[in-house]
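J.: Just to be clear, the model below is a prediction. Sequence and coordinates:
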Amino acid sequence: NLPSLESGEVLAVGDGAVLTLTLNRPDKLNALTGAMYRDLVNLLAFASDSDEVRAVLVLGAGKSFSAGNDLADFLAAGEGTEGGAAPFIRAVSRFEKPLVVGVQGHAVGVGTTMLLHADLVVAAEDAKFLTPFVDLGAVPEAGSAKLLPAWLGYQRAARMLLAGEPLLAPEALQAGLVAKMVSPAELVATATDYARTLAAKPPRAMRESKRLMRQAAQMDLHELIDHDLALFAELLQGDEAKAILAAKVGKK
């Protein structure tokens, strides 16, 4: 059973192996409150522990994915960086199962930096990515000071993180921030298809592959090769691979 939620502004729907989480505060462009963050943390923990859930899809209701932190809620909480967003950022950055996100309209602040911890991001053509941390008197969070330059190049990251320039969907696609750009009408179906595709794959192989991709940036190349070859050999001896290989040989 899904955990009980407190915000009333995060919808969770389990459909087979895919758990879909929808930010549902469209009148505020899905600006995230402390209660919404707590719901998301609990739902990611549920997905991690569930044998049935094999992928998580995150969507935003209405015309925009997320305006980032709800600033009024943020100020009222009287909490610094360890406020509402911190446990969510930790949870999403450590989440081991496939994570797919569909983005339309504005993705501001954490609405963009959370995407650096997703596995596949689908953007609608009207998506606009904005990280105005300096403009708010703050600094880039969620590892974005490392990951955005690594993914996009330093100068493009500086345009976003230092100059506060928006990155529009076509450039986000070209730069590698998103996997695919589609019309707004196709967004949910395309993102859902990706989530279902990842959910249908052998779960241990998927988890270990994601972990390898995330660890690779920290590892020496030769160390990584030793690690992936050992893991490759181990997984080929496992039940998942044996069943798949036996089925393929049987088809011949």
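T.: That came in fine, so what should we check first?
J.: dump the residue contacts of residue 123.
T.: Listed by Cβ atoms under 8 Å, 6 or more residues apart in numbering, the contact set of residue 123 reads 102, 103, 104, 169, 172, 173, 178, 180, 181, 182, 187. Where C-beta positions appear, they are placed from N, C-alpha and C, glycine not excepted.
J.: what are the ranges of the strands in the stretch 51-200 of the chain?
T.: 55-60, 99-103, 106-108, 120-124, 128-130, 167-168, 180-182 (DSSP state E, counting those that start in this stretch).
J.: still on that earlier bit, now the contacts of residue 123: which count as buried?
T.: Buried members of those, scored by 16 or more other Cβ atoms under 10 Å, are 102, 103, 104, 169, 172, 173, 178, 181, 182, 187.
J.: Which residue, neighbours along the chain excluded, lies closest to the first one?
T.: Spelled out, that is residue 102. Nearest residue to residue 102 in three dimensions, chain neighbours excluded: residue 191, at 3.4 Å (Cβ to Cβ, 6 or more residues apart in numbering).
J.: which residues does that neighbour contact?
T.: Counted by Cβ under 8 Å, 6+ apart, residue 191 has contacts 57, 59, 100, 101, 102, 120, 122.
J.: what's the answer for residue 85, then?
T.: 32, 37, 69, 110, 141.
J.: same deal with residue 119?
T.: Contacts for residue 119 (Cβ under 8 Å, 6+ apart) come out as 98, 99, 100, 198, 210.
J.: farthest pair in those?
T.: Across the contacts of residue 119, no pair lies farther apart than 100 and 210, at 12.0 Å, counting by Cβ to Cβ.
J.: between the two, who's got more neighbours?
T.: residue 100 (27 against 17; other Cβ atoms under 10 Å).
J.: Surely that one is in contact with residue 57?
T.: Yes. Between residue 100 and residue 57 there is a contact at 4.9 Å, judged by Cβ atoms under 8 Å.
J.: okay, and the common contacts of those two?
T.: 191, 195.
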